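Novice: Could you look at this predicted model? Sequence included:
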Amino acid sequence: MKVAVVGSWKAKEATEWGLKSQDLFPSACRQIGNAIIRLGHTLVIGSESESTADRYAVEGAIQATGGSIPDHPRIIILRPNDEHVSFEQLRNDNPGLFTTRVSLDSGWNVTKLFQVNEADGVVVVGGATFSYQAGLAAAICKKPLVGIDRRRAADAAGISAATRRAGRGPRG
C-alpha cells in the first residue's frame, strides 16, 4: 500500500489552523514514517522543508530500514515540476530507497492532487491549505484518510461527513 504523508507546522499559521503541539510534530511524523515502512508499505511525500510532515516522515522511514538496501524503492517523492531535487543527500546515502515522480505542474496546489492520486491512503499531520486540500481530495476519491492533530482530525471528519452526504466519501 502506498501512503501519502502530508502536512506542515508553520508558526505563522498555527492559530489559523488550531495547531498546538509544535514540539511533538517532528517526533510524531518520524513515528508515522517509521511505521509505514516497518509495516511493509511505501511512503509518498513531496517536500523536504523543515516545516513539513514529509521531511520527518522520511527520517522515520530511513530509520525503519536500518540501513538495508531495499529490493524496490520504498519512498516516492512526488514534487512540482520546478527542477528542484528533494532529499539529495539522503538519496545518496540510501541507494535504492527513493524514486521520484514529477507533477505536470510547477506548483504545490496541483502537485498535492497528484500525490493523493498516487497514494492508496493519506495521513494529514498538522495543517495548512495544501494539507486541507489533500485531505479533501482523498475523501472525494474515497481513499482512507487519517487526520492527526485536534483541528486536522476534526477537518478530516468534516470532510468525510460532507462527502458521505454527497454520496462520494468513505462510509461508516
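Specialist: That came in fine, so what should we check first?
Novice: Break down this protein into its helices, ranges please.
Specialist: The residue ranges that make up the helices of the chain, judged by DSSP state H, are 14-17, 25-38, 53-65, 88-93, 108-118, 129-140, 150-165.
Novice: What lies in contact with stretch 74-92?
Specialist: Taking contacts as C-beta atoms under 8 Å, 6 or more residues apart in numbering, the residues outside stretch 74-92 that touch it are 2, 37, 42-48, 58, 61-62, 65, 97-108, 110-111, 114-115, 118. Every residue, glycine included, has its C-beta placed from N, CA and C.
Novice: In it, which residues are buried?
Specialist: Across stretch 74-92, burial judged by 16 or more other C-beta atoms under 10 Å covers 74-80, 86-87, 90-91.
Novice: and the residues you listed, which two are the farthest apart?
Specialist: By the measure C-beta to C-beta, these have their two most distant members at R74 and P80, which lie 22.1 Å apart.
Novice: which ones are touching the residue nearest to N34 when sequence neighbours are not counted?
Specialist: The shortest distance from N34 to any non-neighbouring residue, by C-beta to C-beta, 6 or more residues apart in numbering, is to G60 (3.6 Å). G60 sits next to 29-35, 37 when contact means C-beta under 8 Å, 6+ apart.
Novice: May I see those arranged in TSV, with distance to I69 as well?
Specialist: Conversion of the contacts of G60 to TSV gives the following (distance: C-beta to C-beta, whole Å):
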residue	distance to I69
C29	24
R30	21
Q31	23
I32	23
G33	18
N34	18
A35	21
I37	13
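Novice: Quick check on the residues you listed: which are buried?
Specialist: By 16+ other C-beta under 10 Å, the contacts of G60 give 29-30, 32-35, 37 as buried.
Novice: Out of those residues, which two sit at the greatest distance?
Specialist: Set against one another by C-beta to C-beta, these have their most distant pair in C29 and I37, with a gap of 13.0 Å.
Novice: quick revisit: just name the closest of the contacts of G60 to K142, please.
Specialist: Nearest to K142 out of these is I32 (C-beta to C-beta; 21.7 Å).
Novice: By mean pLDDT, flag the weakest helix or strand of the chain.
Specialist: The least trusted helix or strand in the chain, going by mean pLDDT, DSSP states H and E, turns out to be helix 150-165, with a mean of 45.
Novice: ok, of the contacts of stretch 74-92, which come out buried?
Specialist: In those, burial by neighbour count holds for 2, 37, 42-48, 58, 61-62, 65, 97-98, 103, 108, 111, 114-115, counting by 16+ other C-beta under 10 Å.
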